[in-house]
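A.B. asks: Coordinates for the following, if possible.
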Amino acid sequence: MPAPFLPQMPGSGGAFASVGAIAGPLIMLVTVLRQPGPVKTLRRAGATAPDRARKATTLAIADAPLRPLLRSGVVVREADGRIWLDEAKARRRQWRIGALLGLSAVALGAIVAFAVSMGHHHAAN
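C.D. replies: Model prediction:
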């Protein structure tokens, strides 16, 4: 018996479309996560305390990815415009993101398992 895939609507691309629908977003996520973001850049530069703060422009950190980190306090901007990484807040944020991704993966797995079981159930009837 062949491996069951997500149930397909006629003309929707077959089993490979199911795999692509799952693999495509995962590949994009991995690609984005491999890019060095502001946190990694600040860590590498040693900008982890007010006395070691650096200018974002000298580290080639764009303003857009910095905004949410500044709002959450993970990155702190000094009065002179230099920024530094609050390691404790960065670790807490990383754990929250990891937990959210883990829960999302479990939920996605449950949805896929349900969809596969429904497709297999209908095929057996």
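A.B. asks: Show me which parts of stretch 59-77 are buried, residue by residue.
C.D. replies: Buried residues in stretch 59-77, counted by 16 or more other CB atoms under 10 Å: 61, 66, 69, 74, 75, 76. Every C-beta, even on glycine, is put in place using the N, C-alpha and C of the backbone.
A.B. asks: Next one, pLDDT for the residue nearest to the spatial centre of the chain please.
C.D. replies: Of all residues in the chain, the one closest to the mean position by CA atoms, centre = their mean is residue 29, 5.6 Å from it. According to the prediction, residue 29 has pLDDT 72.
A.B. asks: which residues of the protein fall in helices?
C.D. replies: In the chain, the segments counted as helices under DSSP state H are 14-34, 38-45, 63-72, 87-124.
A.B. asks: Pick the most deeply packed of these.
C.D. replies: The highest mean neighbour count among the helices of the chain, using mean count of other CB atoms under 10 Å, belongs to helix 38-45: a mean of 18.
A.B. asks: Can you tell me what sits against it?
C.D. replies: With CB atoms under 8 Å, 6 or more residues apart in numbering as the test, helix 38-45 has contacts from 36, 48, 54, 56, 59-61, 65-66, 69, 74-75, 83-85, 87, 90.
A.B. asks: where among the helices of the chain is the average confidence lowest?
C.D. replies: Mean pLDDT per stretch puts helix 14-34 lowest among the helices of the chain, at a mean of 68.
A.B. asks: measure residue 117 to residue 24 for me?
C.D. replies: Distance of residue 117 to residue 24, given as CB to CB, to the nearest Å: 23 Å.
A.B. asks: Oh, that last question was meant for residue 48, not what I typed.
C.D. replies: Distance of residue 48 to residue 24, given as CB to CB: 36 Å.
A.B. asks: cool, residue 58 as well?
C.D. replies: For residue 58, the distance to residue 24 equals 36 Å [CB to CB].
A.B. asks: now residue 109
C.D. replies: Note on residue 109: its distance to residue 24, by CB to CB, is 17 Å.
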